[in-house]
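Enquirer: Give me the fold of what follows.
(chains A and B)
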Number of protein chains: 2
Amino acid sequence: MSTTTQETHNGVNVTQLVETVGAIQNDPELATFRFRATNTWLGGGHSRTSIDGFWGAGQEDASRQEPFTLDGDEPPVLLGSNHAPNAVEAVLHALASCLSVGFVYNAAAKGIEVRSLDFELEGELDLHGFLGLSEDTRAGYQNITVTYRVDADASPEQIDELCGYVQRTSPVLDIIRNPVQVTVARA
Amino acid sequence: MSTTTQETHNGVNVTQLVETVGAIQNDPELATFRFRATNTWLGGGHSRTSIDGFWGAGQEDASRQEPFTLDGDEPPVLLGSNHAPNAVEAVLHALASCLSVGFVYNAAAKGIEVRSLDFELEGELDLHGFLGLSEDTRAGYQNITVTYRVDADASPEQIDELCGYVQRTSPVLDIIRNPVQVTVARA
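Expert: Numbers count the residues shown, from 1 in each chain, chains lettered A, B, ... in the order given. Sure thing, here's the model as predicted:
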């Protein structure tokens, strides 16, 4: 594949994708990424997260002109003011966004044209955990269901195979399905 | 505590908090919540999540005037267009937002005044997993570190005890630290 012709599928630059894979195979250290966020409490259940630079591909990324901000809050029934989605709803967003990227990038790599892709997610949670009313009830989601609809230039079997691959390689799905070590410390 | 006098700490209605706990103790079914999100792919790494109603406290919640939208995208180094934070950055937001709510609500319940609360988060990820270049490398975060600064009307020992309780009851921390069953199916 020539580096002067940029092959694009689904809005994804497949030439750059192939070059990225090659670069990491030559220098595995390029695969190390460190993402960051800061968060400031604003009052009640309302807080604001700021996301900007990160380390990746061997350098500090400076591509963002200004920080992204994401607010979090609770609905009134959970004692908040509905300024923003709550934290567990944000988890569903993170999962959907990750599956979308995985689906579209891997379809592009296989030359599958995707015309539309939509997800519906639902997570069930028992408030006994968060409220400390039961030590037997986990605080987080009991389970999450994801349903997707895709219109793509591929057979149902190819879609299912692609979806299986996406599930095996999705960062957020891995974070949710499998344990991640989290250290929390006072500064 | 009278229900006609609303006791508030840190912007949290502690009277309502106590009433919520009491209501759930009387009727455990009220603790069942089902949160939802839908997501539509917009092109390349860019997608948009919409979050609106949910089931909770025994009924469908209708408190939100219009849906919240959250975009996801990748930076150019990950073949995106920087329209929004990426999915694993959204996970850091979800975690920070959850810890903030947990900290402030539980401080309020204990009568601890919080003047300021800030979090810094970092997650390390090895792209070999997402790119399918290594079956030994997980796709998600290898680890996440959270550092917080709090100015509150409490001793360091009380803060540490509060933080321990928050960690045991945080929904998003539980989702990240422990396995959650996720079902993905084509519609």
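
Enquirer: Heading C-terminal from the lengthiest helix in chain A, find the next helix or strand.
Expert: The single longest helix within chain A, with elements called by DSSP state H, is helix A:87-109. Downstream of helix A:87-109, the next assigned helix or strand under DSSP states H and E is strand A:114-126.

Enquirer: helices or strands next to whatever helix or strand comes next after that following strand in the packing?
Expert: Per DSSP H and E, strand A:114-126 leads on to strand A:141-152 as the next helix or strand towards the C-terminus. In terms of contacts (3 or more C-beta pairs under 8 Å, 6 or more residues apart in numbering or on different chains; DSSP states H and E), strand A:141-152 is packed against helix A:87-109, strand A:114-126, helix A:156-169, strand B:181-186. All C-beta spots, glycine's among them, are computed from the backbone N, C-alpha and C.

Enquirer: Just the buried residues of the shortest one, please?
Expert: Residues of strand B:181-186 classed as buried by neighbour count (16 or more other C-beta atoms under 10 Å in any protein chain shown): B:V182, B:V184.

Enquirer: That strand pairs with which strands, and in what direction?
Expert: Strand B:181-186 has the following strand partners under DSSP bridges: strand A:141-152 (parallel).

Enquirer: Need the CA coordinates for stretch A:79-96. PDB is fine.
Expert: C-alpha atoms of stretch A:79-96 as PDB (Å, rounded to 0.1, in the frame of the first residue of the first chain):
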ATOM      1  CA  LEU A  79     -30.800  14.100  45.400                       C
ATOM      2  CA  GLY A  80     -29.300  16.000  42.400                       C
ATOM      3  CA  SER A  81     -30.300  18.800  40.100                       C
ATOM      4  CA  ASN A  82     -30.200  17.100  36.700                       C
ATOM      5  CA  HIS A  83     -27.400  19.300  35.400                       C
ATOM      6  CA  ALA A  84     -26.000  16.300  33.500                       C
ATOM      7  CA  PRO A  85     -26.100  12.500  33.300                       C
ATOM      8  CA  ASN A  86     -25.000  10.600  36.300                       C
ATOM      9  CA  ALA A  87     -21.900   8.500  36.700                       C
ATOM     10  CA  VAL A  88     -23.300   5.100  35.800                       C
ATOM     11  CA  GLU A  89     -25.100   6.600  32.800                       C
ATOM     12  CA  ALA A  90     -21.700   8.000  31.700                       C
ATOM     13  CA  VAL A  91     -20.400   4.400  31.900                       C
ATOM     14  CA  LEU A  92     -23.000   3.400  29.400                       C
ATOM     15  CA  HIS A  93     -21.900   6.200  27.100                       C
ATOM     16  CA  ALA A  94     -18.200   5.200  27.500                       C
ATOM     17  CA  LEU A  95     -19.100   1.600  26.500                       C
ATOM     18  CA  ALA A  96     -21.200   2.600  23.500                       C
END
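
Enquirer: Show me the domain layout of chain A.
Expert: According to automatic domain parsing, chain A comprises the domains A:9-84, A:85-187.

Enquirer: Kindly check the end-to-end length of the last one for me.
Expert: This means domain A:85-187. End-to-end distance of domain A:85-187: 28 Å, with C-alpha to C-alpha, to the nearest Å as the criterion.

Enquirer: Not counting its neighbours along the chain, what's nearest A:H9?
Expert: A:A108 (3.8 Å; C-beta to C-beta, 6 or more residues apart in numbering or on different chains).

Enquirer: For that neighbour, grab the count of nearby residues.
Expert: A:A108 has 22 neighbouring residues, counting by other C-beta atoms under 10 Å in any protein chain shown.

Enquirer: Quick one: residues contacting it.
Expert: A:T8, A:H9, A:N10, A:V12, A:V14, A:L17, A:V114 (C-beta atoms under 8 Å, 6 or more residues apart in numbering or on different chains).

Enquirer: I figured A:E89 was touching B:I51, is that so?
Expert: Yes. Using C-beta atoms under 8 Å, A:E89 makes contact with B:I51 at a distance of 4.9 Å.

Enquirer: Give me the common contacts of these two.
Expert: B:F35, B:R36, B:A37, B:F68.

Enquirer: which of those tops the neighbour count?
Expert: Busiest of the shared contacts of A:E89 and B:I51 [other C-beta under 10 Å] is B:A37, holding 28 neighbours.

Enquirer: can you list the weak-confidence ranges in chain A?
Expert: A:1-4 (pLDDT under 70).

Enquirer: quick one on the thing from earlier: what about the longest helix of chain A, distance to the chain center?
Expert: Helix A:87-109 has its C-alpha centroid displaced from the chain centroid by 5 Å (C-alpha atoms, centre = their mean, to the nearest Å).

Enquirer: now the angle from that helix to strand A:141-152?
Expert: 30 degrees (axes from the mean of the first three to the mean of the last three C-alpha atoms, to 10 degrees).

Enquirer: For the domains of chain A, give me a markdown table that also has distance to B:L127.
Expert: Formatted as a markdown table, those follow (distance: least, C-beta to C-beta, whole Å):
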| stretch | distance to B:L127 |
| --- | --- |
| domain A:9-84 | 4 |
| domain A:85-187 | 9 |
